[in-house]
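[1] Based on what follows, work out the 3D shape:
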Amino acid sequence: MNSSILINNVEIFDGTNEATVRGNVLVKNGLIEKITQESVPVDPGGDTIVLDGKGRFLMPGLIDAHWHAYLCCNTMMGLLTEDVSFSHLTAGQEAGATLLRGFTTIRDAGGPVFGLKRAIDTGVLQGPRIYPSGAMISQTSGHGDFRMIYEHGHTGCGCEMAHVEEIGASRIVDGPDAVTAATRENLRQGASQIKLMTGGGAASLYDPLDVTEFFEEEIRAAVRAAEDWGTYVMVHVYNPRGIARAIKAGVRSIEHGHLIDEPTMKLLADSGAWLSMQAFTVEDNTYPSPVQQAKHLQICNGTDRAYELAKKYNVKLAWGTDLLFNPAHTKNQNHGIVKLQKWFSNFEILKMVTSDNARLLAMSGARNPYPGKLGVVEEGALADLLLVEGNPLQNVDLLGDPGNNFSVIIKNGVVYKNKLQDGPASGNR
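    Below you'll find the model as predicted:
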C-alpha cells in the first residue's frame, strides 16, 4: 500500500476522551500519521486524496465484539439443508454490507469465516477486519449442538462428524482431551481467540437456560491450550453457575451473562474478566418454537438487571450484537448501539463501541491478526475512520442510520464510501 488521505477541518473524537478537538488528520499507508490544527501541505500533483470535512464529526470505525459473519445472514434451516457454497456467498455479500454500516472490525463469535477473512484481507471482497474464533466448541447437547434429534452420527473423535461440524459451524466434543484437540484445531486454522459454550441458549434446541455446560476441567483444558498460543477463551453463558465456573477455569471474556446475580457479578469484577453484553430486547428475534421463544423472553427480561450490576461493580464492558440465523435483521446491527442509551451516556456508548471493544480484541496478543492500535484516532493508530453528519456525542441516534449519516468510511487507510464529492467512492482502492 502506498497511499495518503488528508481529512481537513473535522471535529475529532479520539475514542477515549469526551472532549473533541478541531483539526486535520493525515493518513499514510494505512496508519494515522499526523493529527494537527495546522495546515498540512500536499503535493498538488500527487495522489493524496484531500477531503474537506467542513466541521463534520470524525471518529474511529465501529467495532462489534460479538458478531457472527457467517451465521447472521443464513437461516438455521438453510445451513442444515442448502449447498454450503451458497451460504458462504451470502456471507461474502453480508460482509460488504457490514462495512458500509460503519463496522470496520468485528470479533466473530463462531463459524467458518477463515476463508471470508482471507478474501477480505487480500482484497477479493470488501468487509470488516475479522477476529475469527473458528467453530464454536460445544459439549453434546450443548448450545452448539444443532443436530437433528434423529442424527446420532457423532463420536467426538473427528472420524464421524455431524453436518454442523462438517460445515465448520460448531464442534461437538466431550472430555478434556477432545476439548484440547478442538481448541488446537481452531488455532491451527488461524483463530485469534477460542469460543466455548458453557451454558444454555435460546437458539439451540436441547439445552435450557439454567444448565451448566462443560466440566471445569474441560473449560480449563481450552484455556490452557489457548494460553499456550498467547490468546484467551470467550464463553457463551447466561446463568450465574456457568459464569462462575468459567471464571474459575480462567476464561477472560463472558459473552451475554444476562441472568447473572449480584455475587457472581462481583466475582466477575474481581477477576478482571470482560463482560461482552448485548442490549437484547424482545423484538430482536422471533423463534420458531414456544420453548425457544420463552428462553428468549427470559434473557431479555434480564438485560436491565445485568447492566445495572455491571455498572455498580465497574465491570469491564464490551458490546456486540449476536445476530443469528436472521438475514432480515442484519440491517439492524447499528440499532443495537442506539438501544444502549437506556443505560449509558452518549460518550460511554461511543467509547464502548470503539476503544473499549478494541481493548478486548487486543487480548488475542500474539494471535492478533491486525497488530496495531484499533478503536482510536491518534497518531500511529490503524486508520479506520468514520466521518459523520452531526455529532453522536450529542445525538447517538445518528449511528443508527449509517446510510444517511456516514459520509465517509475508511478502513486501513482505504476509502470505501465517500459522499463528499462526485465520482468513485474509493479513489485509492
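[2] State the distance from the residue most central in space within the chain to Val251.
    Residue closest to the mean C-alpha point of the chain, counted by CA atoms, centre = their mean, is Ala65 at 2.7 Å. Distance, Ala65 to Val251, using CB to CB, to the nearest Å: 15 Å. Where C-beta positions appear, they are placed from N, C-alpha and C, glycine not excepted.
[3] picking up where we left off before, so the residue nearest to the centre of the chain sits right up against Arg359, yeah?
    No. Applying CB atoms under 8 Å, one finds Ala65 not in contact with Arg359, separated by 10.0 Å.
[4] sorry, back to before: what's the average pLDDT for the helix or strand where the residue nearest to the centre of the chain lies?
    Assigned by DSSP states H and E, Ala65 belongs to strand 62-67. Averaged across strand 62-67, pLDDT comes to 98.
[5] List the buried residues in the helix or strand following that strand.
    Sequence order places helix 76-81 as the next helix or strand after strand 62-67, per DSSP H and E. The neighbour-count check on helix 76-81 (16 or more other CB atoms under 10 Å) flags 76, 79-80 as buried.
[6] other SSEs contacting the lowest-mean-pLDDT helix or strand in the chain?
    When each helix and strand of the chain is scored by mean pLDDT, DSSP states H and E, helix 76-81 comes last, with a mean of 80. Where contact means 3 or more CB pairs under 8 Å, 6 or more residues apart in numbering; DSSP states H and E, helix 76-81 is packed against helix 84-100, helix 163-166.
[7] what's the spacing between that helix and its chain's center?
    23 Å (CA atoms, centre = their mean, to the nearest Å).
[8] Go ahead and confirm Ile130 touches Gly115.
    No. Judged on CB under 8 Å, Ile130 makes no contact with Gly115 at a distance of 10.5 Å.
[9] Show me the shaky parts of the stretch 1-150 of the chain.
    Applying pLDDT under 70 to the stretch 1-150 of the chain flags residues 1-2.
[10] go again using 80 as the cut-off
    Along the stretch 1-150 of the chain, the model assigns pLDDT under 80 to residues 1-2, 44-45, 76, 80, 148-150.
[11] got it, and the stretch 151-300 of the chain?
    Using pLDDT under 80, the flagged stretches of the stretch 151-300 of the chain are 151-161, 205, 283-288.
[12] returning to what we had before: residues touching the residue nearest to the centre of the chain, list them.
    106-107, 276, 318-320, 357, 360-361 (CB atoms under 8 Å, 6 or more residues apart in numbering).
[13] Check Gly115 too.
    Shown in contact with Gly115 (CB under 8 Å, 6+ apart): His88.
[14] how much space is there between it and Gln189?
    With CB to CB as the criterion, Gly115 and Gln189 are 10 Å apart.
[15] So Leu125, which state does it fall into?
    With DSSP: H, G, I helix; E, B strand; the rest coil as the basis, the three-state label of Leu125 is coil.
[16] In this structure it contacts Arg118, no?
    No. Contact criterion CB under 8 Å: Leu125 and Arg118 do not qualify, at 9.4 Å.
[17] When these two are compared, which one has more neighbours?
    Leu125 (18 against 14; other CB atoms under 10 Å).
[18] Give the helix, strand or coil label for the residue nearest to the more buried one when sequence neighbours are not counted.
    The spatial neighbour of Leu125 that comes closest, neighbours along the chain excluded (CB to CB, 6 or more residues apart in numbering), is Ala119 at 4.3 Å. Assigned by three-state DSSP, the conformation of Ala119 is helix.
[19] Many thanks, have a good one.
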